[in-house]
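Chemist: From the sequence below, what's the structure:
(4 chains)
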There are 2 protein chains.
Amino acid sequence: MNISTAAKLADLPVKTVRYYADIGLVVESGRSESGYRVYDDAALRKLAFIRKARAIGFSIDECRELIGLYQDSARSSADVKRIAGHRLEQIEAKQQELASLHHELSRLIASCRGDERADCPIIDFLG
Amino acid sequence: MNISTAAKLADLPVKTVRYYADIGLVVESGRSESGYRVYDDAALRKLAFIRKARAIGFSIDECRELIGLYQDSARSSADVKRIAGHRLEQIEAKQQELASLHHELSRLIASCRGDERADCPIIDFLG
DNA sequence: CTTGACCTTCCTGTTACTGGAAGGTTTATA
DNA sequence: TATAAACCTTCCAGTAACAGGAAGGTCAAG
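Modeler: This is a model prediction of the structure:
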């Protein structure tokens, strides 16, 4: 199938599929006579795999590792769990950071009258 | 004062101060004969203001607005509160997204034995 | 006078794409 | 059969907010 068909079936933009091919993440299975990219079912499955992994928040590099494991029948589930655990730690770190920001910012907003006067605790805090 | 002194006092990397000057966010107050950037106290205060605003998570464009309000004695606190409120909404949206990811990923991780066998619910989910 | 610590501009790389230009191919229709 | 629409290709630029580094000028100390 052509790239647009593969993209549609994998639920990815054509541009993204071409990008994944460029960086060697999911390469097309071949080329037509005229130079068009051709995708087979195996390549299609990889594209869909990547889309799901990206949706979970894995980086491209992590996806590269994951797809290696995906294709490696001799993989250990420990390897997969390690990568996923690392990603979970990143999520938790970001969550802590956001919670702290939310706390501080909502406190500032609550203390600001938000009227036409210049007096503003938010500016005071920053200045 | 020179850029390195200003950077130290504002607690910012020299590279960042130069970058802020390049994009017109905080321009140096002058140049020495030899072309060195010179910062006065007003510029220094702006740099420190920006550092704090960035730490709260405001984007450079939001910082541009905020520093405009910071210097505008006729500002209304409502304008500041609006920008801060917008940022708070972004934080909350990101928090929801992360909470959802955390939920899904921790569930997958918990169900994965993480041993030397290939069988892995994380891969199953992605594949 | 030379060494080292400054400073300058300019270029590249980062993440993961997206948009667009210029141009070739295929398919459907008039 | 001509042509227009809808594909496809490569390449370049831009996004956010810097960081690293090269090449080269400046300044203060010993």
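
Chemist: In space, what's closest to A:Glu104 - neighbours in sequence excluded?
Modeler: B:Ile56 (6.7 Å; C-beta to C-beta, 6 or more residues apart in numbering or on different chains). Quick note: C-beta positions are derived from backbone N, CA and C, even for glycine.

Chemist: Chain A: strands as residue ranges?
Modeler: Using DSSP state E, the strands of chain A run over residues A:30-31, A:37-38.

Chemist: the helices in chain A, which residues?
Modeler: Per DSSP state H, chain A has helices spanning A:3-10, A:14-22, A:41-56, A:60-71, A:77-111, A:121-126. These are given in chain order.

Chemist: still on that earlier bit, give me the number of neighbouring residues for the residue nearest to A:Glu104.
Modeler: If you count neighbours by other C-beta atoms under 10 Å in any protein chain shown, B:Ile56 ends up with 21.

Chemist: A:His103 is in contact with that one, correct?
Modeler: No - B:Ile56 is not in contact with A:His103 according to C-beta atoms under 8 Å; the separation is 11.0 Å.

Chemist: What parts of chain A come near DNA strand D?
Modeler: When proximity is defined by C-beta under 7 Å from any atom of the strand, chain A lies next to DNA strand D at A:2-5, A:14, A:18, A:28, A:35-37.

Chemist: Look up phi and psi at A:Glu28.
Modeler: phi -60, psi 150 (degrees, to the nearest 10).

Chemist: Just give the nearest non-adjacent residue to it, would you?
Modeler: In space, and not counting its chain neighbours, A:Glu28 is closest to A:Arg37: 3.9 Å by C-beta to C-beta, 6+ apart.

Chemist: Enumerate every residue touching the residue with the shortest distance to the centre of chain A.
Modeler: Chain A has A:Arg54 as the residue nearest its centroid, 3.5 Å off, counting by C-alpha atoms, centre = their mean. With contacts defined as C-beta atoms under 8 Å, 6 or more residues apart in numbering or on different chains, A:Arg54 is in contact with A:60, A:63.

Chemist: and it, how far is that from A:Gly114?
Modeler: 39 Å (C-beta to C-beta, to the nearest Å).

Chemist: Then A:Asp79?
Modeler: On the measure of C-beta to C-beta, A:Asp79 and A:Gly114 end up 52 Å apart.

Chemist: same deal with A:Ala48?
Modeler: According to C-beta to C-beta, A:Ala48 and A:Gly114 sit 47 Å apart.

Chemist: go on, A:Arg107?
Modeler: As for A:Arg107, its distance to A:Gly114 is 14 Å (criterion: C-beta to C-beta).

Chemist: of those two, who's got more company?
Modeler: More crowded of A:Arg107 and A:Gly114, by other C-beta under 10 Å: A:Gly114, with 18 against 12.

Chemist: And the closest residue to A:Arg51 other than its chain neighbours, how close does it get to A:Ala48?
Modeler: Excluding the flanking residues, the one nearest A:Arg51 by C-beta to C-beta, 6+ apart is A:Leu12, at 5.4 Å. Distance, A:Leu12 to A:Ala48, using C-beta to C-beta: 8 Å.

Chemist: repeat for A:His102
Modeler: 35 Å.

Chemist: Next: A:Lys15.
Modeler: When A:Lys15 is compared with A:Ala48 (using C-beta to C-beta), they lie 17 Å apart.

Chemist: between these two, who's got more neighbours?
Modeler: A direct count of neighbours by other C-beta under 10 Å for A:Lys15 and A:Ala48 places A:Ala48 higher, at 18 against 10.

Chemist: Please parse chain A into its domains.
Modeler: Dividing chain A into domains by automatic domain parsing, as the record does, gives the ranges A:1-74, A:76-113+A:121-127.

Chemist: what about the first one, how long is it end to end?
Modeler: Start and end residues of domain A:1-74 are separated by 30 Å (C-alpha to C-alpha, to the nearest Å).

Chemist: Say whether DNA strand C is contacted by it.
Modeler: Yes - interface with DNA strand C: domain A:1-74 contributes A:13, A:15-16, A:19, A:32-36, A:54, A:59-61 (C-beta under 7 Å from any atom of the strand).
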